[in-house]
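sequence and predicted model, in that order:
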Amino acid sequence: MFTPDYIQLKFMKPHFPILDGLRGTASILVIIFHLMEGIYPNLADLPMHHGYLAVDFFFLLSGFVVGYAYDYRWGKMDIKEFFKIRLVRLHPMVMLGVLIGTIVFIFDSYTNGFQTISLLKLLGVMLISFTLLPSPDVRGWNETHSLDGPCWSLLQEYIANVIYALFGRKMSKLVLIGVVVLSATALVYAAMYHGSLGTGWGYDTFWIAVARMMFPFFAGLLLYRTGKMIKIPKAYTVCSLLLAIVFFMPWFNTNGPYDAAAVILVFPIIVAAGAGSSVKGRWAKICKFSGDISYPLYITHYPFIYMYSAWIAVKKPSLQEILPVAGFLFLFFILLAYASLKLYDEPVRNWLKKKYLLNKQEGPKLETATVLK
């Protein structure tokens, strides 16, 4: 059984900068994947065939970081405080993403979705979406979160946090290994059943979303608790390149097993190398910047992807016409993420921390900064 003393002695750093950078790398690759999706709606034709696996990588990172940030604090923190901390960290950007999605939906002249739904119903869907609960689909794609698609994975993140708080924090290593093995089996079945892991965002595949969350999150938690890290030179560059290679691999006839193998075998190695290695100087600054904008980038870009994809479907522009628009959108997404971070997310979280968290938490400042990062 892991102990707080062991954990604090094993890891003395306030955070893992390379993991921050890898979260940013995965977010940027997701943006490129979604921009390509508009041009190649068939995944088998898309150059980045497996870009959707970034979500599974996020879940594994999250399991590792949640274990690192909270495992040793349960003597000072109860479940209610844990949920408040996680809501302060995640939910402001959820609400901004939904708000952006609603505005874009109203003004999207290519989809004309606002002409098929009343304002009252749209506002109702928006209010439900603010809670992150599945809401009525407004696009006809059977999405659980049709105003801002990536929210489906945030709902799974919340579910993972609930399971961790209620059960995972108390699991022995042996029980945790059992959970990881069982969830790996479920992940393989889901990948084989669907033919890939590129799903989970719809009502009909919600169970696959749960399978995609369970293994990587708890595998990340197990990886943290075992302390099996790998130290390699130039880890940020190497691990980022490995992620890109995994995402750009060809579309296989047996694509399900490939996706499952990437998540079960490759991603833990990448996270172990990122956690066990160091970075400094310019690369440390790059890791921090990309990590800082990764979440805003992920949660704010997709409403514009809806409009971009509809523009391609309706107007059928040539590739030469699409590429400048895609390039502009890529830069716009980066700027929007940075502006969202600095003008909204950080100020709102700081206000919420002062009002609901910091005056009630115990422990040294380093612990508080780590937990609320």
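Yep, it's here.

need the contact list for Tyr224.
Residues near Tyr224 by Cβ atoms under 8 Å, 6 or more residues apart in numbering: 63-65, 67-68, 71, 275. In this view, the C-beta of every residue, glycine as well, is placed from N, C-alpha and C.

how long is stretch 245-261 end to end?
14 Å (Cα to Cα, to the nearest Å).

what about this protein, any weak spots by pLDDT?
1-14, 358-373 (pLDDT under 70).

what strand or helix carries the most centrally placed residue in it?
Taking Cα atoms, centre = their mean, the centroid of the chain lies closest to Phe58, which sits 4.4 Å from it. Under the criterion of DSSP states H and E, Phe58 resides in helix 54-70.

which elements pack onto that helix?
Applying 3 or more Cβ pairs under 8 Å, 6 or more residues apart in numbering; DSSP states H and E, one finds that helix 54-70 makes contact with helix 17-39, helix 151-166, helix 206-226, helix 235-248, helix 267-276, helix 365-371.

now Lys228: closest residue in space that isn't a chain neighbour?
Ala272 (6.1 Å; Cβ to Cβ, 6 or more residues apart in numbering).

so who does the one you found touch?
So Ala272 contacts 223, 228-230 (Cβ under 8 Å, 6+ apart).

and it, how far from Ala235?
10 Å (Cβ to Cβ, to the nearest Å).

swap in Ile286?
Ile286 is 13 Å from Ala235, by Cβ to Cβ.

more neighbours, the two?
More crowded of Ile286 and Ala235, by other Cβ atoms under 10 Å: Ala235, with 22 against 17.

what's near enough to touch that one?
So Ala235 contacts 18, 273-274, 276-279 (Cβ under 8 Å, 6+ apart).

adding neighbour count and distance to Val88, write the residues you listed out as CSV.
As requested, the contacts of Ala235 are exported to CSV (neighbours: other Cβ atoms under 10 Å; distance: Cβ to Cβ, whole Å):
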residue, neighbour count, distance to Val88
Ile18, 28, 25
Ala273, 20, 30
Gly274, 29, 25
Gly276, 16, 29
Ser277, 20, 30
Ser278, 14, 29
Val279, 21, 28
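
from those residues, which is closest to Leu53?
Nearest to Leu53, judged by Cβ to Cβ, of these is Gly274 at 16.2 Å.

now that closest one. Nearest residue, chain neighbours left out?
Ile18 (4.1 Å).

correct me, but that neighbour touches Ala275?
Yes: the criterion here is Cβ atoms under 8 Å, and Ile18 meets it with Ala275 at 7.3 Å.

now the helix or strand hosting Leu90 against helix 151-166, angle please.
Here Leu90 sits within helix 79-107, counting by DSSP H and E. With axes from the mean of the first three to the mean of the last three Cα atoms, to 10 degrees defining the directions, helix 79-107 sits at 170 degrees from helix 151-166.

for the helix or strand just after helix 79-107, packing partners?
Going down the chain from helix 79-107, the next helix or strand is helix 119-130, by DSSP H and E. In terms of contacts (3+ Cβ pairs under 8 Å, 6+ apart), helix 119-130 is packed against helix 79-107.

next one: the helix it packs on to chain centre, how far?
13 Å (Cα atoms, centre = their mean, to the nearest Å).

which of the residues in it are buried?
81-82, 84-102, 104-105 (16 or more other Cβ atoms under 10 Å).

and if you look at stretch 42-58?
Per 16+ other Cβ under 10 Å, stretch 42-58 contains these buried residues: 43, 46, 48-58.

could you do stretch 180-190 as well?
180, 183-184, 186-188, 190.

then stretch 67-79?
Buried residues in stretch 67-79 (16+ other Cβ under 10 Å): 67-73, 77.

ok, those vs Ile305, which is closest?
The closest of those, once distances to Ile305 are taken by Cβ to Cβ, is Ala69, at 30.8 Å.

how much space separates that closest one from Gly63?
11 Å.

excluding its backbone neighbours, what's nearest Arg212?
Closest to Arg212 by Cβ to Cβ, 6+ apart is Gly200, at 5.3 Å.

for the residue nearest to the centre of the chain, give its distance to Asn161.
13 Å.

now swap in Thr185 and tell me
Thr185 is 23 Å from Asn161, by Cβ to Cβ.

please apply the same query to Glu37.
For Glu37 relative to Asn161 (Cβ to Cβ), the value is 29 Å.

in terms of neighbours, single out the busier of those two.
Neighbour count, other Cβ under 10 Å: between Glu37 and Asn161, Asn161 has more, with 22 against 19.

now that one. Nearest residue, chain neighbours left out?
Here the residue nearest Asn161, using Cβ to Cβ, 6+ apart, is Arg86, at 5.2 Å.

rewinding a little: Three-state assignment for the residue nearest to Arg212, please.
Assigned with DSSP: H, G, I helix; E, B strand; the rest coil, Gly200 falls in the coil class.

quick one, phi psi at Gly149?
phi -50, psi -50 (degrees, to the nearest 10).

which residues touch it?
Per Cβ under 8 Å, 6+ apart, neighbours of Gly149: 143, 201, 302, 305-306.

and the helix or strand where Ile293 lies with helix 17-39, angle?
Per DSSP H and E, Ile293 falls inside helix 282-300. Put simply, helix 282-300 runs at 40 degrees to helix 17-39, going by the same axes, to 10 degrees.

using PDB, list the CA coordinates for helix 282-300.
Extracted in PDB, the C-alpha atoms of helix 282-300 (Å, rounded to 0.1, in the frame of the first residue of the first chain):
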ATOM      1  CA  ARG A 282      13.800  27.500 -23.500                       C
ATOM      2  CA  TRP A 283      12.200  24.000 -23.700                       C
ATOM      3  CA  ALA A 284      10.900  24.400 -20.200                       C
ATOM      4  CA  LYS A 285       9.200  27.700 -21.200                       C
ATOM      5  CA  ILE A 286       7.700  26.000 -24.300                       C
ATOM      6  CA  CYS A 287       6.400  23.200 -22.100                       C
ATOM      7  CA  LYS A 288       4.800  25.700 -19.700                       C
ATOM      8  CA  PHE A 289       3.200  27.800 -22.400                       C
ATOM      9  CA  SER A 290       1.800  24.800 -24.300                       C
ATOM     10  CA  GLY A 291       0.600  23.200 -21.100                       C
ATOM     11  CA  ASP A 292      -1.100  26.400 -20.000                       C
ATOM     12  CA  ILE A 293      -3.100  26.900 -23.200                       C
ATOM     13  CA  SER A 294      -3.800  23.200 -23.800                       C
ATOM     14  CA  TYR A 295      -7.100  23.000 -21.900                       C
ATOM     15  CA  PRO A 296      -8.500  26.300 -23.300                       C
ATOM     16  CA  LEU A 297      -7.400  25.300 -26.800                       C
ATOM     17  CA  TYR A 298      -9.100  21.900 -26.500                       C
ATOM     18  CA  ILE A 299     -12.400  23.200 -25.100                       C
ATOM     19  CA  THR A 300     -12.900  26.400 -27.200                       C
END
